[in-house]
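Take this sequence and fold it.
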Amino acid sequence: MGQRVRVPRPAAVAALIAALAWGAVGLSFAATGGRGADPDRAALAAEGQALFRAKGCVTCHAHAAAPPGPGISVHIGPDLTGYRGSPEFLRRWLKDPPAVNPRTQMPNLGLRDDEIETLIAFLLQPREQ
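Down below sits the predicted model:
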């Protein structure tokens with residue numbers, strides 16, 4: 001009998017391709033110092049802006065690009081307009097804030113990995129000077 005050949009599952013291949021694509025986007029973004037006109041990154045940031053509202057982030061956090069609706073006051077979390085943290089930290093934080101800082105008031109929102117990436121794109125998008 002010959003050797004058994006293992007064929008990767010389509011989901012595993014798709015996950016690998018997505019990881020490589022995200023790595024390329026991150027490297028491109030980092031190489032430009034976060035100052036690039038990457039249309040894919042801009043579209044992802046726009047999705048993140050909508051998600052920032054949809055997930056209720058505007059309830060606790062201010063952001064100039066996503067003002068809260070009428071009757072919503074922002075007094076709990078920091079203003080995230082000029083946030084410049086690392087994507088790696090944001091991934092850990094948004095995945096499970098209490099695991100990073102047990103004393104935080106921010107709950108675990110149960111964000112999916114794709115939602116976390118869109119929020120990171122929004123929060124770290126280049127700002128007009």
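
Next secondary structure after the helix-or-strand element of the chain with minimal mean pLDDT?
Lowest on mean pLDDT, DSSP states H and E among the helices and strands of the chain sits helix 10-31, with a mean of 44. The C-terminal neighbour of helix 10-31 among helices and strands, as given by DSSP states H and E, is helix 39-54.

what does that next one rub up against?
25, 28-29, 58, 61, 63, 65-66, 115, 117-123, 125 (Cβ atoms under 8 Å, 6 or more residues apart in numbering). Bear in mind the C-beta positions are built from the backbone N, C-alpha and C, glycine included.

Please apply the same query to stretch 75-92.
26, 57, 59-65, 99-100, 105-106, 116, 119-120, 123-124, 127.

7 Å instead, please
Here stretch 75-92 makes contact (Cβ atoms under 7 Å, 6 or more residues apart in numbering) with 26, 60-64, 100, 105-106, 116, 120, 123-124.

Would you mark the buried spots in it?
Using 16 or more other Cβ atoms under 10 Å as the test for burial, stretch 75-92 gives L80, P87, L90.

Identify the farthest-apart pair in the contacts of stretch 75-92.
G26 and Q105 (29.2 Å; Cβ to Cβ).

the more surrounded of the two?
G26 (15 against 10; other Cβ atoms under 10 Å).

ok, how many other residues are close to F122?
F122 has 23 nearby residues by other Cβ under 10 Å.

residues in contact with it?
A45, G48, Q49, F52.

what mean pLDDT does the helix or strand hosting V58 have?
Assigned by DSSP H and E, V58 falls within helix 57-60. What helix 57-60 shows for mean pLDDT is 90.

Alpha carbons of stretch 76-84, as PDB, please.
Extracted as PDB, the C-alpha positions of stretch 76-84 are listed here (Å, rounded to 0.1, in the frame of the first residue of the first chain):
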ATOM      1  CA  ILE A  76     -17.900  55.800  30.900                       C
ATOM      2  CA  GLY A  77     -15.100  54.900  28.500                       C
ATOM      3  CA  PRO A  78     -12.300  57.000  27.000                       C
ATOM      4  CA  ASP A  79     -12.700  59.100  23.800                       C
ATOM      5  CA  LEU A  80     -11.300  56.900  21.100                       C
ATOM      6  CA  THR A  81     -11.000  59.600  18.400                       C
ATOM      7  CA  GLY A  82      -7.200  59.700  18.400                       C
ATOM      8  CA  TYR A  83      -6.500  56.200  19.700                       C
ATOM      9  CA  ARG A  84      -3.200  54.900  18.400                       C
END
